[in-house]
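A.B. asks: Sequence first, predicted model second:
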Amino acid sequence: MGYIKSYQHIFFDLDHTLWDYERNSTEVLEELVKKHRLTDRGIPSALEFSQTFEKVNQVLWSDFNKNKISRSAIRDQRFLKILANYQIEDNVLCNKLSDEYLMQCPTKPHVLPYTFEMLDYLKEKYHLHIITNGFDDVQYLKLDKSRLKPYFKTVVTSDSAGYKKPMASIFKFAIDKAEARKEESIMIGDNLQTDMLGARNFGMDHIYYNPSKLRHQASVTHEISCLSDLQHIL
Ligand SMILES: [Mg+2]
């Protein structure tokens, strides 16, 4: 074991790390399947629909994180690609689903297990911050509706920073805004590329939140499969 660093600042990712993207998104998709009677259109079930959404969404976000596509491309293409999976060509329906999804999803409040227990524990010892690849309007609504907002001293979105994780510039932007130093800071996130490699290249310690215990070769400072494990590290 190395020496114990005295961290002062903790930077959290938001989606899939604190805010339960999958659960919140699935809830909205279930509502949309019901409202628009999508099972009558050849979509087998809400669960199936939401699995297709996850697959399509992950590819689009990965392209967005690599600067290959824009914010509007995610929004324009997401439901087109999802419906194409079911041979549905219906632009009116597509636009409705896209608009309603965007409107509803950030209002869902579910967070991952032990989020509040850990934030209550950590806020007594550290300054807490957010670094998220996302859009100001959407991410602030999520923070508000999930009651996460009061825990965080600063919030940096890729939207406001003008850079995305894994770029070092967004980490620099975030620690400057937090009035922190990277040597006394640690990043917690679920994405090996954006959160972990980003923090590592910037020179900041990092904790990989890996709830599905995916196998990987990455070298990370710490790894946890449940947020409650944070109390053993911090
Ligand atoms: Mg994430």
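C.D. replies: Okay, I see it. Residues are numbered from 1 along each chain as shown.

A.B. asks: And for the longest helix seen in the chain, what's in contact with it?
C.D. replies: Assignment by DSSP state H gives helix 46-65 as the longest helix of the chain. With contacts defined as Cβ atoms under 8 Å, 6 or more residues apart in numbering, helix 46-65 is touched by 22, 25-26, 29-30, 33-34, 38, 43, 69-71, 73-74, 77-78, 81-82, 85-86, 133, 164-166, 193-194. C-beta coordinates here come from the backbone N, C-alpha and C atoms, glycine included.

A.B. asks: tell me which parts of the chain are close to the ion?
C.D. replies: Counting by Cβ under 5 Å from the ion, the chain comes close to the ion at Asp13, Asp15, His16, Thr17, Asp190, Asn191.

A.B. asks: By neighbours, which of these wins?
C.D. replies: Taking other Cβ atoms under 10 Å as the neighbour criterion, Asp13 ranks highest of the residues of the chain next to the ion with 25 neighbours.

A.B. asks: For the residue lying closest to Tyr209 once chain neighbours are set aside, give me its contacts.
C.D. replies: In this structure, Tyr209 finds its nearest non-sequential neighbour in Asp190, 4.7 Å apart by Cβ to Cβ, 6 or more residues apart in numbering. Residues near Asp190 by Cβ under 8 Å, 6+ apart: Asp13, His16, Thr17, Tyr208, Tyr209, Asn210, Pro211.

A.B. asks: Now tabulate those in TSV and tack on distance to Phe116.
C.D. replies: TSV is the format used below for these (distance: Cβ to Cβ, whole Å):
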residue	distance to Phe116
Asp13	17
His16	17
Thr17	14
Tyr208	21
Tyr209	16
Asn210	21
Pro211	16
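
A.B. asks: Secondary structure class of Lys125, three-state.
C.D. replies: Three-state call for Lys125 (DSSP: H, G, I helix; E, B strand; the rest coil): coil.

A.B. asks: Show me what counts as buried in stretch 163-172.
C.D. replies: Applying a neighbour-count criterion of 16 or more other Cβ atoms under 10 Å, one finds Tyr163, Lys164, Lys165, Pro166, Met167, Ala168, Ile170, Phe171 buried in stretch 163-172.

A.B. asks: Quick check: pLDDT value at the residue lying farthest from the centre of the chain.
C.D. replies: No residue in the chain sits farther from the centre than Asp40, which is 32.2 Å out by Cα atoms, centre = their mean. pLDDT recorded at Asp40 is 95.

A.B. asks: I'd guess it is in a strand, am I close?
C.D. replies: No: using three-state DSSP, the assignment for Asp40 is helix, not a strand.

A.B. asks: rewinding a little: which among the contacts of helix 46-65 count as buried?
C.D. replies: Buried among those (16+ other Cβ under 10 Å): 25-26, 29, 33, 38, 43, 69, 74, 77-78, 81-82, 133, 164-166, 194.
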